[in-house]
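*Asks:* Structure of the sequence below:
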Amino acid sequence: MFHDYLKKALASIIWVVVLGYVRSGSAHDAGTVMDSSGTVAAFTGYALVTCFDNGNGPADHLLASVKDLSRAQDGLLVNLQIIKGNRAISTTDPVSGDANFSPEVKIHGGNGTYLLLVNKTKAGARSFAVSYHCITTDNRHTGTDIEVQQFE
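*Replies:* Numbering: from 1, shown residues only. Sure, this is the predicted structure:
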């Protein structure tokens, strides 16, 4: 049991470090391995993305997509959902390992906190990347921050 807790804690720490490192750059892309043991079909990553005016203007929407970096496995896909207020949207990377992101999705929710969820369709380890950007009405990148809440 302690070993499972340690594995979950380590995975969370790695994701937080990766996201923290990426945040210091100009792009907002981050990734890691989901369910490294490959045994948890319901594995879910949950983060809060906060959009704010960093001098480029207030956010109009959050734009995001997901990329499955693993080899293709029949019936095993990576999904991304965004929720803000009473609105939700999702996207799925339809082809594993092809180096392409899923179709981009966005929710017009302005400044504030968006829920970002990443999951998969069945048991199996998945290496993935998420691209997330807060965008103004004139399509400029504005303040974007992320805080991982769950990765298990």
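*Asks:* Now for residue 30, how many residues are close by?
*Replies:* 22 (other CB atoms under 10 Å). All C-beta atoms are positioned from the backbone trio N, CA, C, and that covers glycine.
*Asks:* Which residues does it form beta bridges with?
*Replies:* Residue 30 forms beta bridges with residue 130, as assigned by DSSP bridges.
*Asks:* quick one: low-confidence ranges for the chain?
*Replies:* Residue ranges of the chain with pLDDT under 70: 1-27.
*Asks:* So which residue is smack in the middle of it?
*Replies:* residue 130 (4.3 Å; CA atoms, centre = their mean).
*Asks:* ok, now which ones touch that residue?
*Replies:* Residues in contact with residue 130, defined by CB atoms under 8 Å, 6 or more residues apart in numbering, are 29-31, 64-67, 80, 116, 118.
*Asks:* hmm, which two among those are most spread apart?
*Replies:* Within those, two members stand farthest from each other by CB to CB: 67 and 116, at 14.4 Å.
*Asks:* quick revisit: point out the ones among the contacts of residue 130 that are inside strands.
*Replies:* Mapping these onto strands (DSSP state E) picks out 29-31, 64-67, 80, 116, 118.
*Asks:* Whichever of the residues you listed end up buried, select them in PyMOL.
*Replies:* Here is the PyMOL command that selects the buried residues among the ones in strands among the contacts of residue 130 (16 or more other CB atoms under 10 Å):
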select buried, resi 29+30+31+64+65+66+67+80+116+118
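*Asks:* Just name the closest of the ones in strands among the contacts of residue 130 to residue 137, please.
*Replies:* Looking at the ones in strands among the contacts of residue 130 and their distance to residue 137, the nearest is residue 64, at 17.7 Å (CB to CB).
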